[in-house]
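S.K.: Sharing a model that was predicted from the sequence below.
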Amino acid sequence: MSETEAPQEQGWKVRILDLSGGAEDNIVEEVGVFHDLAHANAFARAYVRDSVERCRTPGASAKDVLDTWTSFGEDAVVIDAEDDGWRSANELDDFTATPATPMERDWRMLDPRRLVDGEDILLEDEEDAGAEEDDTDTFDPGLHNLH
C-alpha cells in the first residue's frame with residue numbers, strides 16, 4: 001500500500017501501546033481519524049518522541065533512556081499502514097541519543113481530535129474582545145497619566 005493509495009473508508013488510526021503491560025493487550029487507545037497517512041505518521045512519531053523524553057532523566061545514557069522507555073513508555077503504530085507506516089524501531093537509537101525539541105514532541109498539535117469545523121470555532125480572544133468592548137465606556141484617562 002502506498003501513501004497515494006486511498007486509506008480504508010474510515011481513514012487512518014494510530015494505536016497507542018503501553019509498553020509497561022498495564023493495559024489489556026498493551027492497547028491504551030486508538031486515535032483518529034487521520035485523513036492521510038502522512039498526518040498519521042507524523043502524529044505517531046511525535047507521540048513516541050514525547051514518550052521517550054518523559055523517560056529521560058538528567059545524566060541518563062541513551063541505553064538508560066531506551067531501557068526506561070521499553071519498560072514504562074508508550075509506542076504508537078499506524079493501523080493497517082503496513083510498510084508505509086512510521087515505525088519507532090527505525091528511530092529509537094536517534095531518539096534516545098538526542099533530546100527532542102519542544103516542536104518534535106508536540107503531538108497534541110497533530111491530534112485530529114483537536115481539529116474541528118472552522119464554523120464551530122469561537123476563540124477565547126473573540127469572547128474576551130466582546131467583553132472588552134463593553135468596558136470601553138469605563139476607561140479613565142486619569143489612571144494612565146504618565147506625568
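M.R.: Yep, that arrived.
S.K.: Can you give the distance of the longest helix along the chain from its chain's centre?
M.R.: Counting by DSSP state H, the longest helix found in the chain is helix 37-54. The chain centre lies 6 Å from the centre of helix 37-54; the measure is Cα atoms, centre = their mean, to the nearest Å.
S.K.: Show me what the mean pLDDT comes to for that helix.
M.R.: Per-residue pLDDT over helix 37-54 has a mean of 98.
S.K.: for it, packing partners?
M.R.: Under the contact criterion of 3 or more Cβ pairs under 8 Å, 6 or more residues apart in numbering; DSSP states H and E, helix 37-54 touches strand 12-18, strand 27-34, helix 62-72, strand 74-78, helix 92-97, helix 102-105. C-beta here means a position set from N, CA and C on the backbone, and glycine is covered the same way.
S.K.: can I get the CA coordinates of it in PDB?
M.R.: Extracted in PDB, the C-alpha atoms of helix 37-54 (Å, rounded to 0.1, in the frame of the first residue of the first chain):
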ATOM      1  CA  LEU A  37      -1.100   8.700   6.100                       C
ATOM      2  CA  ALA A  38       1.500  11.500   6.400                       C
ATOM      3  CA  HIS A  39      -0.600  13.100   9.200                       C
ATOM      4  CA  ALA A  40      -1.000   9.700  11.000                       C
ATOM      5  CA  ASN A  41       2.800   9.000  10.700                       C
ATOM      6  CA  ALA A  42       3.700  12.500  11.900                       C
ATOM      7  CA  PHE A  43       1.400  12.100  15.000                       C
ATOM      8  CA  ALA A  44       2.800   8.600  15.800                       C
ATOM      9  CA  ARG A  45       6.400   9.900  15.500                       C
ATOM     10  CA  ALA A  46       5.800  12.900  17.800                       C
ATOM     11  CA  TYR A  47       3.800  10.800  20.300                       C
ATOM     12  CA  VAL A  48       6.700   8.400  20.700                       C
ATOM     13  CA  ARG A  49       9.300  11.200  20.700                       C
ATOM     14  CA  ASP A  50       7.400  12.700  23.600                       C
ATOM     15  CA  SER A  51       7.100   9.400  25.400                       C
ATOM     16  CA  VAL A  52      10.900   8.800  25.100                       C
ATOM     17  CA  GLU A  53      11.600  12.300  26.500                       C
ATOM     18  CA  ARG A  54       9.300  11.600  29.500                       C
END
